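# here is my input, please return the structure:
(3 chains)
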Amino acid sequence: MIYDFLFKITDSNIIASIIQSLLPLFIFILPFALFAVWLERKVSAHMQDRLGPMRVGYHGALQTIADILKLVQKEDIIPNEADKPLFNIAPVLVFIGSYAVFAAIPFSGAFIGSNIDLGIIFIIAASGFVVAGILMAGWASNNKYSLLGAMRSAAQIISYEIPTVLVVLTIIMITGTTNLQTLSEMQTGHFWNWMILGGPKFGIAKFIFIPFMIINFIIIYISTLAEVNRTPFDIPEAESELVSGYHTEYSGMKFAMFFLAEYANMFAVSAIVTALFFGGYQSPVGYVGNLFGIHWLIPIEQFFWFTAKGIFFVFVQMWLRWTLPRLRVDQLMTACWKYLIPIAFVNLIIIGLITVL
Amino acid sequence: MNVYDLIFYLFAAITILSAFFVVTTRNIVYSAYYLLFTFFGVAGIYVLLGADFIAMVQLIVYVGGILILLLFGVMLTNKITNVDIKSGTIHTVPATIGVALFAGIILASMWNTNWKNVNSDMQVASTQHLGFLLIHQYALVFELLGILLLIALIGAASMARK
Amino acid sequence: MKEYFNNAWSALYTIFVGMKITFKHLFVPSVTIQYPDVKLQLPERERNRLYVNMDDCIGCDQCARACPVDCITIETVKGIPGEDLGKTSNGKKKALWVTKFDIDFAKCCYCQLCVFPCPTECIYMTDVYEFSEFERSNLIYDFVTLTPQEREDKKNNYAKFEAEKAAEKAAAKPAPATKPIENQETPKP
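Numbering: from 1, shown residues only, chains lettered A, B, ... in the order given. Okay, here's the model as predicted:
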């Protein structure tokens, strides 16, 4: 719908699609990253009975902007022994990977970057570039810590992709669609139509689904947390052993790009969880726009609900980060291969049986 | 020449150029990364052909899986940058014959196939149809492939335990 | 099998326990003190920058001698007999002009050893601890209340007085040499 509007003003489908593809970056990812970095620092501070940044703006609200200004002015250092072309491409590749994910995320009924049928599968595919970029960064830095961090990160991401995909499969089995917009539209109405509470179809199956859906949600939340390298799964950038992992050698804007990609990823996985289990952009209680008959308000409300749910899950990620210590490598692999994957498989089979019966 | 043609030529150029560099570059890590762009280009061409599911699987399996494992292997190998990649010319005559045969087969199949003219900007939801075919018409092949992969997996696991 | 599910359950359960604890701490008032705006109440016997109340200082040099790092330098000039040097707050009469009383806080180790020997309690610790400087020379504090001109005057006066005395002595030289020594010795007992 935004596309139609853009097409109407620009009168050219190429310009309209270019503007539409840039919209999430400028109206969403950049402000979100600014906000999320601030939120991360405040949440971590308050959980440790500190105050966090307080001096720039009200309660340090403009701190991130000041940080960005600092990063922009910084010298861009490329180590002598680094592989220069790969070293320069890596942050771009990582950012492309995490930005491509946003193409298929339904922000609201009126705005989805590309309403493709394979939305959720596209998201899984695009995140493959992030792994390649991380490996590239680690190798090109020519630093043992970077390389180790990149290796761990890649091993972790491809291991934890399996439970994620298994959970996504159960959702596809129940709903019969991979299109995230359709999936969100299915969960319309009130919150009891959300997938976490058994989906929109009312019946006995709905109530049998609930416990399995909650297990599913926990599995996908843990595994996506591992995929974005957040604590307790942050062994790729474990400060105490690997300096800061694959971006040890990066400085200035290239470092900022990694940072931006990390925060974009955090929101992306929260958005996936939201779209799959928590009704996507649907309001839990109904729309003000419907109440008063103002129909143009509904997409804006949907956008609000989507970002609110997404930011809530980002907050839970931060909450977990400041609660749990880091896992050891063998514990990480145990958690994935011995716990998440078997449970996800059993879940897949049980839900499959329920949908067939 | 519309936009779709332009995009097609772009992807084709990416595929062919990066495939060329995969073979010619002396640095084995570079060649692995050129392979990434080859896979990407092929995925793009699949999308333009309307085979969206194949394109996504191409990305998931090749970029997200195989390429990463390849890079793992390359990077974990000791002193990988100093390895001499052997690129001398040997067995010229058999190689020429082999390449000529292969090229002949491909060209012959290209000319003899009855290509369908499908409008390239037509959107076809291929996933459902594909899944139906896999479960009905090609169920046996599909299951056999699954068993093959399982055997490979078990074999790898038992080798790793030794 | 039972252990497996126990493990899975206890992992999940303990995560929620931990999350509950951290969530409670979100609302615990923070212990941070916004330093330049809000400052800690310092303890009663804190040791920070020294201060010398020159009105009370008698120039006895005891603090300089007590100092383990020699950061106090004192120079004194005797007053001329007719001059009034004022009194300290506890009624002692001053006898010396203090022409130099420098404390180098770059050297000072804040041990407070200089404070105890002071007979008039004129050197003491204050609660000022923010006095960083860009130049090390700025850390040498001059506590003397006299102006440079006055200090020169005092020195010159005393030198003149000495010279006069010496001249007097020279005039009275013919007198027996032992006498002045006896004179000096007598007041002692």
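# strands along chain C, start to end?
Using DSSP state E, the strands of chain C run over C:50-52, C:72-78, C:96-104, C:123-125, C:140-142.
# residue C:160 is nearest to which of those strands?
Residue C:160 lies closest to strand C:72-78 among the strands of chain C, at 11.6 Å (Cβ to Cβ). Glycine gets a C-beta too; all of them are placed from N, C-alpha and C.
# measure how that closest one sits relative to strand C:96-104, angle-wise.
For strand C:72-78 against strand C:96-104, the angle by axes from the mean of the first three to the mean of the last three Cα atoms, to 10 degrees is 170 degrees.
# okay, buried residues for strand C:72-78 please.
For strand C:72-78, burial by neighbour count (16 or more other Cβ atoms under 10 Å in any protein chain shown) applies to C:72, C:74-78.
# what of stretch A:307-327?
Buried residues in stretch A:307-327 (16+ other Cβ under 10 Å): A:307, A:309-311, A:313-314, A:317-324, A:326-327.
# quick revisit: between the buried residues of strand C:72-78, which is closest to chain A?
Taking Cβ to the nearest Cβ as the measure, chain A lies nearest residue C:72 of the buried residues of strand C:72-78, at 38.7 Å.
# I'd like the distance between the closest one and residue B:131.
According to Cβ to Cβ, to the nearest Å, residue C:72 stands 91 Å off from residue B:131.
# same check, this time on residue A:208
25 Å.
# just the ones in helices from the buried residues of stretch A:307-327, please.
A:307, A:309-311, A:313-314, A:317-321 (DSSP state H).
# okay if I get the residues you listed as JSON lines plus distance to chain C?
Formatted as JSON lines, those follow (distance: Cβ to the nearest Cβ, whole Å):
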{"residue": "A:307", "distance to chain C": "21"}
{"residue": "A:309", "distance to chain C": "18"}
{"residue": "A:310", "distance to chain C": "19"}
{"residue": "A:311", "distance to chain C": "16"}
{"residue": "A:313", "distance to chain C": "14"}
{"residue": "A:314", "distance to chain C": "15"}
{"residue": "A:317", "distance to chain C": "12"}
{"residue": "A:318", "distance to chain C": "10"}
{"residue": "A:319", "distance to chain C": "6"}
{"residue": "A:320", "distance to chain C": "7"}
{"residue": "A:321", "distance to chain C": "10"}
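# make a markdown table out of these and add pLDDT.
Listed next are those as a markdown table, based on pLDDT from 0 to 100:
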| residue | pLDDT |
| --- | --- |
| A:307 | 87 |
| A:309 | 88 |
| A:310 | 88 |
| A:311 | 88 |
| A:313 | 89 |
| A:314 | 89 |
| A:317 | 87 |
| A:318 | 87 |
| A:319 | 88 |
| A:320 | 87 |
| A:321 | 86 |
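# so where do the helices sit in the stretch 201-350 of chain A?
Applying DSSP state H, counting those that start in this stretch to the stretch 201-350 of chain A gives helices spanning A:204-227, A:239-242, A:252-277, A:288-292, A:297-321, A:329-334, A:341-356.
# low-scoring stretches of the chain, by residue?
Answering for chain A, as no chain was given. For chain A, applying pLDDT under 70 flags the ranges A:1-3.
# wrong chain, I was asking about chain C
C:174-189.
# residue nearest the centroid of it?
The residue lying closest to the centre of chain C (Cα atoms, centre = their mean) is residue C:50, at 3.3 Å.
# residue C:124 is in contact with that one, correct?
Yes: in this structure residue C:50 lies within contact range of residue C:124 using Cβ atoms under 8 Å: 7.2 Å.
# quick check: neighbours shared by those two?
When contacts are counted by Cβ atoms under 8 Å, 6 or more residues apart in numbering or on different chains, residue C:50 and residue C:124 are jointly contacted by residue C:115.
# quick one on the thing from earlier: any chance of a markdown table for the strands of chain C, columns distance to chain B?
Output for the strands of chain C, formatted as a markdown table (distance: least, Cβ to the nearest Cβ, whole Å):
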| stretch | distance to chain B |
| --- | --- |
| strand C:50-52 | 62 |
| strand C:72-78 | 65 |
| strand C:96-104 | 58 |
| strand C:123-125 | 62 |
| strand C:140-142 | 59 |
